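Colleague: below is the sequence, then the predicted model.
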Amino acid sequence: MKGLFLPLFAITCTVAITGIEVFQTSPDLPPGMKVAELIFVILLAMLIGLGILIAYRRNKSLKEGLPVDDELSRKMIRMSATTTFFISLVLWLAILFLNAHTELTPKYLTGIGIMGMCLVFLIVWAAKSLIKYDE
């Protein structure tokens, strides 16, 4: 149960924060902010779906008596995190450029940046997990 609590807790917090954010928006937003808000909600929905999938697979592994984490999965997460860090630096530079040349508020740019970092991590993690490692 210990390995299942954290993903479900993260999903619950994300859903609560998303609900508060969606219902607090004003209807008189400029068109650029409506698109940014839509992208933000779509990315959150993708992350929530992935979190539910990961929680389901962990629960299934625990029921089968398999360990949740092994050395290879820890190595892949560590390698994905370092790659994501360097890609995220470029992402934040692009967001700084957008801040100077668009009328989006920093609130939406920060949200897009954080969600972009999550998306980059998921893409890098998926790519690294497809690579066959020879040990």
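Modeller: In hand now; what should we look at? Residues are numbered from 1 along each chain as shown.
Colleague: which helix or strand contains residue 66?
Modeller: Under the criterion DSSP states H and E, no helix or strand holds residue 66.
Colleague: does the residue positioned nearest the centre of the chain lie in a helix or a strand, and which?
Modeller: In the chain, the centroid-proximal residue (CA atoms, centre = their mean) is residue 118; its distance is 2.9 Å. For residue 118, the host element (DSSP H and E) is helix 106-130.
Colleague: could you do residue 55 as well?
Modeller: Per DSSP H and E, residue 55 falls inside helix 31-64.
Colleague: packing partners of that helix?
Modeller: Here helix 31-64 touches helix 2-23, helix 106-130, going by 3 or more CB pairs under 8 Å, 6 or more residues apart in numbering; DSSP states H and E. Heads up, the C-betas are built off the backbone N, CA and C, glycines and all.
Colleague: ok, which of those helices comes nearest residue 67?
Modeller: Smallest distance to residue 67 across these (CB to CB): 9.2 Å, for helix 2-23.
Colleague: in whichever helix or strand residue 99 is part of, what's buried?
Modeller: For residue 99, the host element (DSSP H and E) is helix 71-101. Neighbour-count burial for helix 71-101, with 16 or more other CB atoms under 10 Å as criterion, is recorded at 76, 80, 83-84, 88, 91, 95.
Colleague: where does pLDDT dip in this structure?
Modeller: For the chain, applying pLDDT under 70 flags the ranges 1-8, 11, 18-37, 132-135.
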